[in-house]
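Q: Next one to model:
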Amino acid sequence: MLKKPESNEYAPYYEKYVSSIPEGDLLEILDEQMRETMNLVKDLKEDQAQFRYAPEKWTIKEVIGHITDTERIMSYRMLCIGRGEKAELPGYDDNQYVKNGKFNRFSIRELSAQMSQVRQNTIALLKSLDDEALLRRGNANGTEVTARAIAYIIAGHEHHHRTLIKERYMGAESYGRVNG
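A: Residues are numbered from 1 along each chain as shown. Purely as a prediction, here's the structure:
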């Protein structure tokens with residue numbers, strides 16, 4: 001069973017993500033998270049999925065696209081570091097990725113299916129990494145990180161955004177006025 005990473009295995013920025021994940025089997029947590037997120041968005045109507053709680057904020061579809069893109073990038077980082085990559089892995093501009101992803105042109109079902117596939121691939125990758133690989137350190141976006149820490153960051157990032165969807169989107173007074 002994977003143990004939570006030590007604080008020296010990731011940049012301080014990621015503490016909020018890592019600390020949001022409970023103790024337990026991370027593979028089961030990742031699987032359960034996906035079920036919870038799919039249940040949260042599966043019955044959304046397209047106009048609900050296009051909702052943004054403030055003018056400058058992403059739509060729910062864009063949040064789902066962002067979670068998926070971030071997990072793809074983080075899984076790639078986990079693979080590279082787990083396999084011993086020595087080159088610094090680049091950062092990315094999440095706002096630019098969302099803008100260029102044009103996620104609102106996809107149905108919420110299509111976006112959910114992509115997200116689920118990416119999570120399944122993340123779980124498969126994580127299962128393939130042994131303890132030695134999980135503890136390897138590499139450099140991503142200018143900071144040192146272990147493959148194990150990235151696995152927890154993935155889980156914490158998804159948890160963070162699912163919470164935002166529930167609270168700031170679905171919890172917004174104006175969300176209730178969306179036709180759905």
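
Q: So E23 sits against K4, correct?
A: Yes. Counting by C-beta atoms under 8 Å, E23 does reach K4; the two are 6.9 Å apart. No exception for glycine: its C-beta is placed from N, CA and C like everyone else's.

Q: Out of the two, name the residue with the larger neighbour count.
A: Each of E23 and K4 has its neighbours counted (other C-beta atoms under 10 Å); K4 has more, 17 against 9.

Q: for that one, phi and psi?
A: Note on K4: its backbone torsions stand at phi -60, psi 140 [degrees, to the nearest 10].

Q: show me the contacts for it.
A: By C-beta atoms under 8 Å, 6 or more residues apart in numbering, the residues touching K4 are 18, 21, 23, 152.

Q: Quickly find the element holding L2.
A: Per DSSP states H and E, L2 falls between elements, in no helix or strand.

Q: tell me the contacts of it?
A: L2 neighbours (C-beta under 8 Å, 6+ apart): 25-27, 126, 134, 148, 151.

Q: E9 too?
A: Contacts of E9 by C-beta under 8 Å, 6+ apart are 137, 145-146, 148-149.

Q: Turn those into TSV, columns for neighbour count and pLDDT.
A: Below are these laid out as TSV (neighbours: other C-beta atoms under 10 Å; pLDDT from 0 to 100):
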residue	neighbour count	pLDDT
R137	14	98
V145	24	98
T146	22	98
R148	27	98
A149	27	98
